[in-house]
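>>> Next input, structure requested:
(2 chains)
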Amino acid sequence: MTEKLTMANALNRALRDALRADDTVMVFGEDVGPLGGVFRITDGLTAEFGDQRCFDTPLAESGILGMAIGMAMNGLRPVVEMQFDAFAYPAFEQLVSHAAKMRNRTRGKVGVPLVIRVPYAGGVGGVEHHCDSSEAYYAHTPGLHVVAPATPEDAYGLLRRAIESPDPVVFLEPKKLYFSRAEADLSKPVPPIGRAVVRREGTDATLIAYGPAVPVALEAAEAAAQEGRSLQVVDLRSIVPFDDETVCAAVRSTGRAVVIAEAAGFASVSSEVVARVTERCFHSLAAPIRRVTGFDIPYPPPKLEHVQLPSVDRVLDVVDELQWEYA
Amino acid sequence: MTRDAAHLLPSAEPVTLIDPDGHPVPQVGHSMPDPQALVRAYAALITARRFNDQANALVRQGRLAVYPSSHGQEACQVACVQVLGDGDWLFPTYRDTAAIVTRGVDPVQALTLLRGDWHSGYDPLQTRVAPQATPLATHLLHAVGVAHAARLRGEDTVVMAVCGDGATSEGDFHEALNFAAVFRTPVVFLVQNNEYAISVPLARQTAAPSLAHKGIGYGVKGERVDGNDVAALLRVLGDAVDRARAGEGPQLVEAHTYRVQAHTNADDPGRYRSEDEVAPWLGRDPLVRLEAYLGITKLINETDRSRFVEHAEALAARMREGLGEEPVADYRELFAYVYAEPTPQLREQQSMVADEMAREGTA
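Take a look at the predicted model:
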C-alpha cells in the first residue's frame, strides 16, 4: 500500500515502529525530546514512549556516542542523533576507536548495535559547519556500516534495518531531501544493508550516485533522454558494505559510467567507486569513468554553494565527454 | 539556581586509615573495614605485587611486548575490585592488568593485549571487565552507558571506572562526569593519581586544588584518599559503591599514589624525575604498610602469609607457563570479527590470504 510522504515522515515512522517493536531501542541526543529534533525527525517520540526511551542529553557529542556504546554493550539498541554533520566530529574518536572496533577487540564477544543518525550534506542554505559530506571519514573505518538513503521508502527501510543490525551503522540523512515527498510503500520488505538499486534503466551510460546526488542523477537522465541518450541510474544506498555486483553489472551493461557525489572528490567515496569499477570492469569500458563531485574546498557559504553542488548541467557536460566516437 | 556545594567538596587531606608504619589513624566518618576484608586485601596485594614482578620479568624475556606496571599502586588495583559485586562492572585502563587479575580473570588472558596476540584476551560479558582502554578517558563514557542501561533495565549494577591523572585533562573525562551526574548513573570514577602522565607531572596537568575537586563542577561528590592505604581505599570506594547502588548517583574518588617504576619498559624516567623524588614513596609501600598493620593487630600469622605467597607463586608459574608458549595466531580471525557477518569484500580478502598461504605452504 503506497502513500505519499516526506523522508522526514518516513524516518519518524521508522523510529516509532522500531521503538514499538523492540523495547531495548532508545533514542537520544540533543533536542530530540520534546522539541522533536531540529528537523522534527523525533517528533512525538517522547510523548509516546516516555523520557526514558527518547531523551535529551547534555550537549556533548562524544558523550552521546560514548554513552551509547556502553548502553549497546549492556543489551540496549541506542539510536543517537548528531544534529548536523560537522557537529559529529567531536564523537569521531568514540566512533573510530571504539564503536567500530569493539567487536574486533573482543574477538566477537561484544558487538555494539547502535545507529548514529547524521543529518548531512548541503543544498539547504546552511551556514558553516552545517553542510559537510563526511561519508569518506566513516567509510574508511573498518567496522562501521555507512548508508545514505535517497527516497522516503529507503529511508524507512534502511533505518529499520540499521536499528536491527548487530553492528554500528552511520546513517547519513541528506538534509536536502528531508522534505521531498514521494510515493512509498513502507510495508514492502527491505533488502539488507549492502544492496544498491537501479533507479532508472538505460543503455548508453551508467550514472552512479548516492544520497543527495541521486535526484541530480535522475534529473540528468531525464534531460539526456530528451536529447536521445539513454542513461541508467544506480543508487548505491549503502556505501559500506559496497555492492560491487550491482554496480559492476550496471557498468558492464553500458560500458560508460559517471560517478556523482556532493563530497569533495579527492580521496573520497567517489574515488573508491571509480577504482573498484575500473579494477573489475576495465575490459567492458569504452571510456574512462568520470566523476562529478564537489570541489576540494571547505563547504562554501550559502551564497556560493550552487558552485559546489553537482548540477544537472555539469553531469550532462561530463556525459558528453565520454568518448562517444568509440564503440 | 545555586545549590550548596559544600557537601560535594573532598576532605582537605586524603583519607588515611592506616599510617605508613602500620598504625591505625582514627578518622571521623570513615571506619576501618572489617578484618576479613583486610586479610583478603592483603592476599590480593601479595598476588598483585607478584603479578607485576612477573610481568616485568616476562618483558625482559621478550614474552610480553610491553607492560605498564602498577607497582606501588597495588592498593588501588585490589580495592577497586574488592568493593564490587559479581554483577558489577570494572572499566580498566592499560595500567590496570593487576586489577583485572584480582577480578578473577586468568592472568594469561589478561595479558593477551600486552603480549600482542589479540587486542583483548577475555570475554567482557562473562567477566564483567571491559576491554582495557588505551585511549585516555574514552572508556569512562562506556562505563556511564553500561551503568545507565543497567538502571533502565532495573538492575542494581554499579560500574567502577578507572583512569589516571592524565586522563582528567581529556574532554571525555568531563563529558563522562557530566553525563553520569545528570542521569544519576551508578558509576564510581576512580582516578589513580600517580603524579605522572608518562613524563608530564601533575602540576602540568591541572591547576585545580586536587583532582577530586573537579567533581564539584558537575555536581558530583569528590573524595580524596591515600592511594597506598588499602584500608582507606576499601572504605571510601566501598561507601561510594554503596551510595551509587542506592541510587545516589556517581562519585569521583582521587587516590593519591605514585608510579614508582617507569611508564612502560620503553620509558626512561631518569629524564624527567630524580631518584630523590621516588625514594620517599618507596617508604609508603601499600603492601608493607598493610603487612605492618596486620602484624600489629595479629590478624594473620606466618601460616596465613605462606599460604598467600604460595597462591601468588602459583599464579606467577601459570603466567610463565602460559606466556612461554608461542600464541597460535589464526589469520582468519582478522576477518572474522570486523562485522557480525563479513562483507563480500572481507570474504574476498580472506580467500586471497588463504591462497597465498596455500602457495607458501603455511596454511
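>>> So in chain A, which helix runs the longest?
Secondary structure of chain A read by DSSP state H shows that its longest helix is helix A:7-21.
>>> any idea of the mean pLDDT for it?
Average pLDDT, helix A:7-21: 98.
>>> which helices and strands does that helix pack with?
If contacts are counted by 3 or more Cβ pairs under 8 Å, 6 or more residues apart in numbering or on different chains; DSSP states H and E, helix A:7-21 sits against strand A:25-29, helix A:45-49, helix A:152-164, strand A:169-174. C-beta here means a position set from N, CA and C on the backbone, and glycine is covered the same way.
>>> With only the CA atoms kept, save that helix in PDB.
The C-alpha coordinates for helix A:7-21 follow below in PDB (Å, rounded to 0.1, in the frame of the first residue of the first chain):
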ATOM      1  CA  MET A   7      11.700  11.400   4.000                       C
ATOM      2  CA  ALA A   8      11.300  13.200   7.400                       C
ATOM      3  CA  ASN A   9       7.900  11.500   7.900                       C
ATOM      4  CA  ALA A  10       9.400   8.100   6.900                       C
ATOM      5  CA  LEU A  11      12.300   8.400   9.300                       C
ATOM      6  CA  ASN A  12      10.000   9.400  12.100                       C
ATOM      7  CA  ARG A  13       7.800   6.400  11.300                       C
ATOM      8  CA  ALA A  14      10.800   4.100  11.300                       C
ATOM      9  CA  LEU A  15      11.900   5.300  14.700                       C
ATOM     10  CA  ARG A  16       8.400   5.000  16.000                       C
ATOM     11  CA  ASP A  17       7.900   1.500  14.600                       C
ATOM     12  CA  ALA A  18      11.300   0.400  15.900                       C
ATOM     13  CA  LEU A  19      10.500   1.700  19.400                       C
ATOM     14  CA  ARG A  20       7.200  -0.200  19.300                       C
ATOM     15  CA  ALA A  21       8.700  -3.400  18.100                       C
END
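>>> Moving along the chain from the one helix or strand residue B:310 maps to, name the first helix or strand you hit.
Using DSSP states H and E, residue B:310 sits in helix B:302-324. Where DSSP H and E defines the elements, the next helix or strand beyond helix B:302-324 is helix B:332-336.
>>> any idea how far that following helix is from the chain center?
Chain-centre distance of helix B:332-336: 30 Å, with Cα atoms, centre = their mean, to the nearest Å.
>>> so can I have TSV of the helices and strands packed on helix A:7-21 showing distance to chain B and mean neighbour count?
Listed next are those as TSV, based on distance: least, Cβ to the nearest Cβ, whole Å; neighbours: other Cβ atoms under 10 Å in any protein chain shown:
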stretch	distance to chain B	mean neighbour count
strand A:25-29	7	24
helix A:45-49	12	17
helix A:152-164	11	24
strand A:169-174	11	27
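>>> looking at these, which is closest to residue A:138?
strand A:169-174 (4.4 Å; Cβ to Cβ).
>>> Give me the contact list for that closest one.
Contacts of strand A:169-174 from elsewhere in the structure, counted by Cβ atoms under 8 Å, 6 or more residues apart in numbering or on different chains, are A:7, A:11, A:41, A:95, A:114-121, A:134-135, A:138, A:144-150, A:155, A:158-159, A:162, A:193, A:211-212.
>>> So what touches the longest helix of chain A?
Outside helix A:7-21, the residues touching it (Cβ under 8 Å, 6+ apart) are A:5, A:25, A:27, A:39-45, A:48-49, A:53-54, A:79, A:117, A:149, A:151-153, A:155-157, A:159-160, A:163, A:173-174, A:177-180, A:184, A:186.
>>> next one: stretch B:256-270
Applying Cβ under 8 Å, 6+ apart, the contact partners of stretch B:256-270 are B:14, B:56, B:59-60, B:66-69, B:71-73, B:75-76, B:192-196, B:198-199, B:224-228, B:278, B:281-282, B:284, B:286.
>>> try 6 Å this time
For stretch B:256-270, the external contacting residues (Cβ atoms under 6 Å, 6 or more residues apart in numbering or on different chains) are B:14, B:59, B:66, B:68-69, B:71-73, B:192-196, B:198, B:227-228, B:278, B:281.
>>> again, but for stretch A:229-246
Taking Cβ under 6 Å, 6+ apart as the rule, stretch A:229-246 contacts A:135, A:139, A:145-147, A:150, A:154, A:193-208, A:210, A:214, A:217-218, A:221, A:224, A:247, A:250, A:254, A:269, B:343.
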